[in-house]
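Peer 1: fold the following and give me the result.
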Amino acid sequence: MNVYDVIVIGGGVVGTAVLRSLAAYKAKVLLLEKSSDVACGSSRANSGIVHAGYDAESGTKKAYFNVKGAAMFPSLTAELDVPYQKVGSLVAARKEGLSALEVLRDRGVRNGVKVEILGRDAVRALEPNIADDIEYALYAPEAGVVSPYQLTIAFADHAVTNGAEVRLEEKVIALSKEGALFSVRTEKEVYAARFVVNAAGAGAAEVNALIGEEPYQETHAVGDYYILDHKEAGVVRTVVFPLPDERGKGILVAPTADGNVILGPTSRKVPHEEAERNAVTAEGLLAVREGAARLMKGVNVRSAIRVYAGTRTAVGGDFIIEESAKVPGFYMLLGICSPGLTSAPAIGEYVAEEAAKKLSLEKKEKMIPLPKAFRFRESSAEEIAAKAKEDPAFGRIVCRCEKVTEGEIVRAVHSPVPAKTVDAVKRRVRAGMGRCQGGFCQPRVMEILSRELGIPMTAVRKGDAGSEIAPYEVKDGYETL
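Peer 2: Numbers count the residues shown, from 1 in each chain. Model prediction:
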């Protein structure tokens with residue numbers, strides 16, 4: 001049996017942040033993820049907002065980890081080479097909403113966040129397309145936008161580069177503790193560990209149940225989103241929120257870290273069994289269009305290139321970040337909904353420190369850095385020529401919309417956490433994320449995956465098992481149609 005110091009269950013942004021922080025110690029650590037890649041749950045489908053920290057109730061774990069995490073993003077994303085922009089945020093309000101903005105401002109001040117209330121003229125200077133009836137806004141200059149899936153992947157890649165292990169398509173089906181060791185059984189293997197971290201997101205309650213930990217009452221909410229084409233980028237400069245209500249922060253309009261515009265999300269509660277379906281509804285998309293129009297003028301949803309839905313899982317009003325009282329060494333990270341993405345780096349650091357104290361782990365002198373990736377779309381003509389001379393594959397464009405080369409795709413396939421599916425390639429290098437959504441480049445991406453992985457085209461998958469895109473040759477299979 002393989003024995004680890006720590007096993008992390010769940011490959012979302014929180015689980016990979018914990019893994020990366022653990023990789024800074026002299027320890028044997030492993031992450032188990034049930035899907036075909038990291039960042040396949042809530043970390044794949046969310047707003048990508050780095051929240052400043054004024055919204056969370058003062059004194060809560062949400063407030064503490066939000067503010068601490070937000071402060072880490074500028075240096076962290078530079079270190080990991082992840083798209084991030086500090087664009088600031090506005091909570092827009094009509095005349096009758098001023099008192100609510102004052103409550104948020106005062107809370108932000110208590111939380112240690114830089115905030116101020118702006119009048120109509122100052123708001124328009126920041127956002128010329130703000131709706132005509134918006135009179136005030138709470139401005140938080142430290143807010144930003146980040147690529148949530150690329151951050152998750154970078155955490156995992158950096159952890160593996162520094163000795164951690166990531167095993168995909170290994171759903172945990174049994175969990176027990178005998179003496180000082182946990183036994184962690186997946187559908188493929190049995191592992192042992194001295195310390196276990198439950199960061200399974202929407203599946204965290206199920207993992208808790210496996211060990212016999214007291215159940216927490218979870219609620220799941222699905223949110224619908226629009227993504228607009230790059231050409232709409234000028235319509236919004238900051239993250240623009242409405243006044244929050246009991247359902248959450250509301251439908252926002254914001255730039256993304258990759259140059260698109262995002263609209264959403266809605267918030268509709270769903271039962272546990274539907275928490276990971278991520279299906280949009282016509283009613284939800286209508287609500288997004290109407291919500292965006294109430295905030296901003298000139299939002300052209302006809303330039304939408306994709307709609308999608310993401311799930312948020314909450315447990316009461318705060319994060320659950322604690323060691324089990326019933327099962328020592330079993331650490332629970334439950335209900336890490338918004339601002340979970342912003343909080344993830346700080347949560348990862350904190351949990352790793354807790355595990356290190358418990359297990360007497362020694363910190364490494366330094367971590368091996370991730371190399372800076374070549375990106376064709378961000379490079380000068382001279383840089384492109386030099387890279388293509390070194391390797392001609394970096395001069396052959398595969399994805400025209402996002403200007404992604406064959407060399408970048410090959411690099412993704414052979415990265416520390418390898419991209420083995422079309423969607424995994426998309427999340428790493430954006431091939432297929434442009435206006436045609438893979439209509440042009442997907443067959444070529446499939447060919448590259450087939451060649452680099454040594455598998456037939458019929459075995460190339462979109463994502464998880466059963467998602468083969470071309471399951472048989474036309475000549476061999478057309479009689480069965």
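
Peer 1: quick one: contacts for Q217?
Peer 2: Contact analysis of Q217 by C-beta atoms under 8 Å, 6 or more residues apart in numbering lists 315-316. For glycine as for every other residue, the C-beta is placed from the backbone atoms N, C-alpha and C.

Peer 1: which of the three states applies to it?
Peer 2: Following DSSP: H, G, I helix; E, B strand; the rest coil, Q217 is assigned to coil.

Peer 1: from H272, how far off is it?
Peer 2: 11 Å (C-beta to C-beta, to the nearest Å).

Peer 1: all strands for the stretch 251-400 of the chain, in order.
Peer 2: Using DSSP state E, counting those that start in this stretch, the strands of the stretch 251-400 of the chain run over 252-255, 261-264, 268-270, 304-314, 320-323, 330-334, 397-399.

Peer 1: which helices and strands sit right next to the longest one?
Peer 2: When you say that, I think you mean strand 304-314. Contact analysis of strand 304-314 by 3 or more C-beta pairs under 8 Å, 6 or more residues apart in numbering; DSSP states H and E lists strand 219-228 as its packing neighbours.

Peer 1: what pairs with the strand it packs on, and is each one parallel or antiparallel?
Peer 2: strand 261-264 (antiparallel), strand 268-270 (antiparallel), strand 304-314 (antiparallel) (DSSP bridges).

Peer 1: buried residues in the first one?
Peer 2: Within strand 261-264, the residues that count as buried by 16 or more other C-beta atoms under 10 Å are 261-264.

Peer 1: what's the pLDDT at T480?
Peer 2: Note on T480: pLDDT of 49.

Peer 1: can you check D476 too?
Peer 2: So D476 comes in at 58 (pLDDT).

Peer 1: so where's the protein uncertain?
Peer 2: Applying pLDDT under 70 to the chain flags the ranges 1, 247, 475-481.

Peer 1: domain assignment for it?
Peer 2: What automatic domain parsing lists as the domains of the chain is 1-84+145-218+315-372, 89-141+219-310, 376-480.

Peer 1: buried deepest among the ones you listed, which one?
Peer 2: domain 1-84+145-218+315-372 (a mean of 21; mean count of other C-beta atoms under 10 Å).

Peer 1: quick one, strands of the stretch 51-200 of the chain?
Peer 2: Here the stretch 51-200 of the chain has its strands, by DSSP E, counting those that start in this stretch, at 84-85, 89-93, 116-119, 136-140, 144-146, 165-167, 172-178, 181-186, 190-198.

Peer 1: using JSON lines, lay out those together with distance to I455.
Peer 2: As requested, the strands of the stretch 51-200 of the chain are exported to JSON lines (distance: least, C-beta to C-beta, whole Å):
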{"stretch": "strand 84-85", "distance to I455": "35"}
{"stretch": "strand 89-93", "distance to I455": "45"}
{"stretch": "strand 116-119", "distance to I455": "56"}
{"stretch": "strand 136-140", "distance to I455": "48"}
{"stretch": "strand 144-146", "distance to I455": "33"}
{"stretch": "strand 165-167", "distance to I455": "19"}
{"stretch": "strand 172-178", "distance to I455": "27"}
{"stretch": "strand 181-186", "distance to I455": "23"}
{"stretch": "strand 190-198", "distance to I455": "27"}
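
Peer 1: out of the ones you listed, the one nearest K297 is which?
Peer 2: Checking the strands of the stretch 51-200 of the chain against K297 by C-beta to C-beta gives strand 89-93 as the closest, at 12.1 Å.

Peer 1: which other residues reach the closest one?
Peer 2: By C-beta under 8 Å, 6+ apart, strand 89-93 touches 49, 51-52, 100-101, 104, 118, 123, 126-127, 130-131, 134-140, 143, 238-244, 295.

Peer 1: now H220: closest residue in space that isn't a chain neighbour?
Peer 2: In space, and not counting its chain neighbours, H220 is closest to A275: 4.0 Å by C-beta to C-beta, 6 or more residues apart in numbering.

Peer 1: right, and that neighbour touches T311 too?
Peer 2: Yes - under the criterion of C-beta atoms under 8 Å, A275 makes contact with T311 at 5.1 Å.

Peer 1: any residues in contact with both of those two?
Peer 2: 202, 220, 222.

Peer 1: bridging residues for the last one?
Peer 2: Beta-bridge pairing of V222 under DSSP bridges involves R268, T311.

Peer 1: what sits against it?
Peer 2: V222 neighbours (C-beta under 8 Å, 6+ apart): 266-268, 270, 274-275, 277-279, 284, 309-312.

Peer 1: quick one: which of these is nearest M72?
Peer 2: R312 (21.9 Å).

Peer 1: residues contacting that closest one?
Peer 2: Contacts of R312 were listed using C-beta under 8 Å, 6+ apart, and they are 42, 46, 220-223, 248, 267, 337-338.

Peer 1: quick check: it vs S58, distance?
Peer 2: Going from R312 to S58 by C-beta to C-beta gives 22 Å.

Peer 1: for the residue nearest to V146 when sequence neighbours are not counted, what are its contacts?
Peer 2: In this structure, V146 finds its nearest non-sequential neighbour in Y84, 4.5 Å apart by C-beta to C-beta, 6+ apart. The contact partners of Y84, by C-beta under 8 Å, 6+ apart, come to 50, 73-74, 77-78, 144-147, 257.
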